[in-house]
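Engineer: Need a 3D model of the sequence below.
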Amino acid sequence: MRIVAFLFLLNLSYSTYPQLREGFDPNEVKSLIALCNSYPFLDIYGSDSLILPKELKKVFTSEVIGMDNVFQVYEGDGVGVINFRGSTSATSSWVQNFYSAMIPAKGVMKIDSIDVPYSFASDTNAAVHSGYALTTVLLAPKLIEQINSLNEKGIYNILITGHSQGGALAQLSHAYLENVLGNEPFTQNVYKTYAFANPMCGNKEFADEYKRRYCDINMNYSIINPADLVPKLPINYQEDRNAYGNLFYKSWADLITKGDVPKFKNMFLTIFKSPLTNYINFSNLAIEKIVSNSYVSIEMPDYVRDINYVQTGSIHLLEPFSIPEDQPKTTKANEDEEKNDNPKKASFSQHKPYNYYVAVLKKYFPEEYKEIDLLYLPENRNE
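Structural biologist: As a prediction, this is how the structure comes out:
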């Protein structure tokens, strides 16, 4: 019964926001990371009603689309929210993550023998993650349908969010929606994105344009635990040590060469840059065939010779997750689940969405954090 009491109290604490304003808002962060926990709560407990913020009402859940992707739509006081699910245990979900060769940020995909134009940026040198770009395009018709539905209700302020893979889809969807052509009603919409624990989704040119168009106007954020490995993915090299999004971790090249000595970094790039790019692009041709044969028939644009991924979104760092010494280390949903709760294992689960929720409370809402009874969730099938 302790979990029920905790979740009831959790549901009372959210504040409302009638319209979107520029700038980082901890109340929005708290509400949106709670929404991201809808998926694990449904998976573990069969209901998410006690984790959902009281000011937001779920009005839509999509069917499974593409490679095991789902999104939800919520409505509040003049605000709509789009919440993308993160990776699941399905093979297709992980195929999407590993499909990391880059394609041009603007071009044409052939899906089920139909040419489908897409645009994530205007810079001709910008490139994006193939798997996440394909998924965004596959989700787009249903996503646009839901945005039109929000507009019909007079809702033009739209928050976009997601955790992990869902965070990458949130980042790319923001760019996609801002680049929708020939759809005048979309010019009325104001988009603001908070992505949690998101892997990188584009190269430096893409990140630079993304920063200029969405981050510099304070409407796009990436909330990251620096001890979480996922925001450092996909495997990449960083030619520019000061690249946007590279301020909080060592690049993979630094990790391999074990230091910051420039000559070792340059040696790594000289020796491994081209073979690594070749390997990822070649292996992704096989992944493209798997996707086309198993999930949806596709012909993708030619891959670009770039895997220099850079993080997008104005970055806000959380503290790494841990279980405080002065708080209970075993809290369970019911007596039967006691053996499944492993606090030692949970303390290393830096990527879990509920642990991001706990970290958000700890950083921005310390009084609420002190009242937390449930410090971590039991294991679930999804991220």
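Engineer: quick one, strands of this structure?
Structural biologist: 57-61, 71-75, 79-84, 102-104, 106-111, 114-119, 127-129, 157-163, 190-196, 220-224, 298-299, 314-317 (DSSP state E).
Engineer: Make JSON lines out of those strands and add mean neighbour count, mean pLDDT and distance to A140.
Structural biologist: (Glycine included, C-beta is placed from N, CA and C.) Output for the strands of the chain, formatted as JSON lines (neighbours: other CB atoms under 10 Å; pLDDT from 0 to 100; distance: least, CB to CB, whole Å):
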{"stretch": "strand 57-61", "mean neighbour count": "14", "mean pLDDT": "98", "distance to A140": "15"}
{"stretch": "strand 71-75", "mean neighbour count": "22", "mean pLDDT": "98", "distance to A140": "11"}
{"stretch": "strand 79-84", "mean neighbour count": "26", "mean pLDDT": "98", "distance to A140": "12"}
{"stretch": "strand 102-104", "mean neighbour count": "24", "mean pLDDT": "97", "distance to A140": "16"}
{"stretch": "strand 106-111", "mean neighbour count": "17", "mean pLDDT": "97", "distance to A140": "11"}
{"stretch": "strand 114-119", "mean neighbour count": "14", "mean pLDDT": "96", "distance to A140": "8"}
{"stretch": "strand 127-129", "mean neighbour count": "30", "mean pLDDT": "98", "distance to A140": "14"}
{"stretch": "strand 157-163", "mean neighbour count": "27", "mean pLDDT": "98", "distance to A140": "13"}
{"stretch": "strand 190-196", "mean neighbour count": "26", "mean pLDDT": "97", "distance to A140": "14"}
{"stretch": "strand 220-224", "mean neighbour count": "25", "mean pLDDT": "98", "distance to A140": "19"}
{"stretch": "strand 298-299", "mean neighbour count": "16", "mean pLDDT": "96", "distance to A140": "14"}
{"stretch": "strand 314-317", "mean neighbour count": "17", "mean pLDDT": "96", "distance to A140": "25"}
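Engineer: Using JSON lines, please lay out those strands together with distance to P234.
Structural biologist: Shown next, in JSON lines, are these (distance: least, CB to CB, whole Å):
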{"stretch": "strand 57-61", "distance to P234": "28"}
{"stretch": "strand 71-75", "distance to P234": "22"}
{"stretch": "strand 79-84", "distance to P234": "18"}
{"stretch": "strand 102-104", "distance to P234": "9"}
{"stretch": "strand 106-111", "distance to P234": "20"}
{"stretch": "strand 114-119", "distance to P234": "20"}
{"stretch": "strand 127-129", "distance to P234": "7"}
{"stretch": "strand 157-163", "distance to P234": "17"}
{"stretch": "strand 190-196", "distance to P234": "16"}
{"stretch": "strand 220-224", "distance to P234": "15"}
{"stretch": "strand 298-299", "distance to P234": "19"}
{"stretch": "strand 314-317", "distance to P234": "18"}
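Engineer: between these, which gets nearest to V291?
Structural biologist: strand 298-299 (6.0 Å; CB to CB).
Engineer: Enumerate every residue touching E205.
Structural biologist: With contact taken as CB atoms under 8 Å, 6 or more residues apart in numbering, E205 is in contact with A105, A121, D123, N125, A126, A127.
Engineer: Narrow those to those that are buried.
Structural biologist: Neighbour-count burial (16 or more other CB atoms under 10 Å) applied to the contacts of E205 gives A105, A121, D123, A126, A127.
Engineer: Of the residues you listed, which is the nearest to N308?
Structural biologist: Checking the buried ones among the contacts of E205 against N308 by CB to CB gives A127 as the nearest, at 9.0 Å.
Engineer: Look up how far M300 lies from the closest one.
Structural biologist: For A127, the distance to M300 (CB to CB, to the nearest Å) stands at 12 Å.
Engineer: Common neighbours of those two, please.
Structural biologist: Both A127 and M300 are contacted by I103, under the criterion CB under 8 Å, 6+ apart.
Engineer: hang on, the earlier thing: mind picking the one among the buried ones among the contacts of E205 that's closest to G154?
Structural biologist: Checking the buried ones among the contacts of E205 one by one against G154 (CB to CB), the nearest turns out to be A121, at 30.2 Å.
Engineer: ok, now which ones touch that closest one?
Structural biologist: With CB under 8 Å, 6+ apart, A121 has these contacts: A105, K106, V128, A175, N179, G202, E205, F206, E209, Y210.
Engineer: How much space separates it from L50?
Structural biologist: Per CB to CB, A121 is found 40 Å from L50.
Engineer: cool, and D216?
Structural biologist: As judged by CB to CB, D216 and L50 stand 38 Å apart.
Engineer: between these two, who's got more neighbours?
Structural biologist: Neighbour count, other CB atoms under 10 Å: between D216 and L50, L50 has more, with 15 against 11.
Engineer: May I have the phi/psi pair for the more buried one?
Structural biologist: Taking degrees, to the nearest 10, you get phi -90, psi -10 for the backbone angles of L50.
Engineer: And the helices in the stretch 1-150 of the chain, which stretches?
Structural biologist: With DSSP state H, counting those that start in this stretch, the ranges of helices along the stretch 1-150 of the chain come out as 2-10, 26-36, 38-45, 91-98, 130-152.
Engineer: So, low pLDDT: which residues of the protein?
Structural biologist: Scanning the chain for pLDDT under 70 picks out 1-19, 181-186, 236-276, 279, 323-348, 380-383.
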